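Trainee: any chance you could fold what I've pasted below:
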Amino acid sequence: CSSDLVRGVVKGVLTVRLVCKIFPARMSPQTAGPGLPPMSAEEKRLAWILAVSVVLWATDFMHGVRAGWVALGAAIVCLLPRIGMLGPEAFHHVRYGSFFYIGAAIGLGALADASGLGSLLGRTLQTTLDIHPGADFTNFMLLSLFATGIGLITTNPAQPAVVAPLSAQFAEAAGWPLHAALMTSAVGFTLMVLPYQVPPVVVGMQAAQISLRTMMRFALPLLAVSVLVLPLEYLWWRLIGYFA
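Mentor: Now for the predicted structure:
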């Protein structure tokens with residue numbers, strides 16, 4: 001989406017810089033060589049599976065298959081005999097902690113939504129926001145940070161279920177079209193304050209054995225720059241006529 005251009009470019013560049021600085025690749029003289037060895041058959045098959053998945057993700061507007069189903073299909077292909085890369089012996093080393101975490105994170109969001117707690121919290125916080133027509137910059141910052149705060153309570157996967165139903169009221173109060181209020185929810189969705197908000201991040205930490213302290217060294221600078229870039233994103237939204 002064109003409204004995500006500024007945030008995507010800035011955060012993409014910063015993410016690469018932080019990863020290279022905090023998690024640099026270290027090669028010993030024995031492993032360092034003039035070039036990479038040829039790809040194995042399993043690596044070639046995995047490369048093809050990933051390439052097809054990326055193409056399907058990028059063209060979802062054409063075929064209508066959601067990203068989650070594409071990812072699930074790719075995972076199943078990776079497990080198929082002869083085609084996939086994992087044999088039966090690989091399942092003896094599966095760590096189930098990440099599965100329980102993802103179930104708990106999604107369950108927390110579902111509980112907050114089904115019980116009405118998320119909507120009650122959203123409406124309560126909504127009354128404290130001073131949103132009114134003609135203050136587009138203030139409204140943009142308040143709604144973006146509001147959506148970020150909801151993600152801290154419900155985790156990011158469940159945040160849209162809480163914030164989206166309130167967007168019509170936000171849009172009316174700010175004098176915006178509905179899509180602008182909805183997109184502030186997307187801004188908050190992409191601002192990760194703590195790793196537990198994003199299940200794939202926690203799974204990656206467990207798989208790579210990255211400590212919480214090390215991850216916070218990555219997350220906090222990324223959050224700080226993301227918040228500082230919000231005024232620039234507001235100017236981009238104003239340039240493309242998003243508030244009209």
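
Trainee: how far away is the residue nearest to residue 191 when sequence neighbours are not counted from residue 184?
Mentor: Among residues not flanking residue 191 along the chain, residue 148 sits closest, at 4.5 Å (C-beta to C-beta, 6 or more residues apart in numbering). C-beta: built from backbone N, CA, C; applies to glycine. Counting by C-beta to C-beta, to the nearest Å, the separation of residue 148 from residue 184 is 10 Å.

Trainee: the two - which one has more neighbours?
Mentor: The residue with more neighbours, out of residue 148 and residue 184, is residue 184; 27 against 24, by other C-beta atoms under 10 Å.

Trainee: for the residue nearest to residue 191, which residues are in contact?
Mentor: 187, 188, 191, 193 (C-beta atoms under 8 Å, 6 or more residues apart in numbering).

Trainee: just the helices in the protein please.
Mentor: With DSSP state H as the criterion, the chain has helices at 5-22, 41-58, 60-63, 67-79, 97-114, 117-128, 136-154, 159-163, 167-174, 178-189, 199-208, 212-228, 230-239.

Trainee: of these, flag the one that's most buried.
Mentor: A comparison of the helices of the chain by mean neighbour count, using mean count of other C-beta atoms under 10 Å, puts helix 159-163 on top with a mean of 23.

Trainee: counting neighbours, what do you get for residue 229?
Mentor: 17.

Trainee: does it touch residue 7 like I think?
Mentor: Yes: using C-beta atoms under 8 Å, residue 229 is in contact with residue 7, at 6.4 Å.

Trainee: and the closest residue to residue 129 other than its chain neighbours, what's its pLDDT?
Mentor: Counting by C-beta to C-beta, 6+ apart, the nearest residue to residue 129 once its immediate chain neighbours are dropped is residue 142, at 5.2 Å. Per-residue pLDDT puts residue 142 at 90.

Trainee: what sits against residue 142?
Mentor: By C-beta under 8 Å, 6+ apart, the neighbours of residue 142 are 129, 130, 131.

Trainee: residue 191 too?
Mentor: 144, 148, 151, 223, 226, 227.

Trainee: and the contacts of residue 142, which is closest to residue 203?
Mentor: Nearest to residue 203 out of the contacts of residue 142 is residue 129 (C-beta to C-beta; 33.7 Å).
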